[in-house]
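# whatever this is, show me its structure:
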Amino acid sequence: MSKRDRHDFELGFFEQVRRRMPSDVRVVSILAHLYTQSGRIDEGLKMDRKLVRLQPDDPTTHYNLACSLALKGRKSEAVKALRTAITLGYQDFEWMRHDPDLDALEDYPGFELLLREVLG
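Got it, this is the predicted structure:
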């Protein structure tokens, strides 16, 4: 089985599981990741938004939402989600600075300000 076939199989499998367990955080999280990895950013963003509704106090969930928003070019919303993640306890600022999912924010003034605030 090729890597692509395996990926398609996993997506199909977890989409079926989600139909039976639509609010299972693990399943929604896996789907968000798989969709994003396969370039289906809109569907990944939808799952990340659902995760934020299911886990509103989880900093990593808000961070992942920010990544999906950045991938969609929604810079202001992405920075807002990053701020929420930080408020909730996200602290891996070096990764945030180099995360390829946030590349679209590289020269965005709101992101630059956020980095200055957290990195000093």
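# give me the residues contacting the helix or strand bottoming out on mean pLDDT in the chain.
Counting by mean pLDDT, DSSP states H and E, the chain has its least confident helix or strand at helix 3-20, which shows a mean of 82. Residues outside helix 3-20 that contact it (CB atoms under 8 Å, 6 or more residues apart in numbering) are 1, 24, 27-28, 30-31, 34-35, 37-38. For glycine as for every other residue, the C-beta is placed from the backbone atoms N, C-alpha and C.
# secondary structure added to the residues you listed, as CSV?
Converted to CSV, those look like this (DSSP: H, G, I helix; E, B strand; the rest coil):
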residue, secondary structure
1, coil
24, coil
27, helix
28, helix
30, helix
31, helix
34, helix
35, helix
37, helix
38, coil
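# dump the residue contacts of the residue nearest to residue 21 when sequence neighbours are not counted.
Closest residue in space to residue 21, ignoring its immediate chain neighbours: residue 27 at 5.7 Å, by CB to CB, 6 or more residues apart in numbering. By CB under 8 Å, 6+ apart, the contact list for residue 27 reads 14, 17-18, 21.
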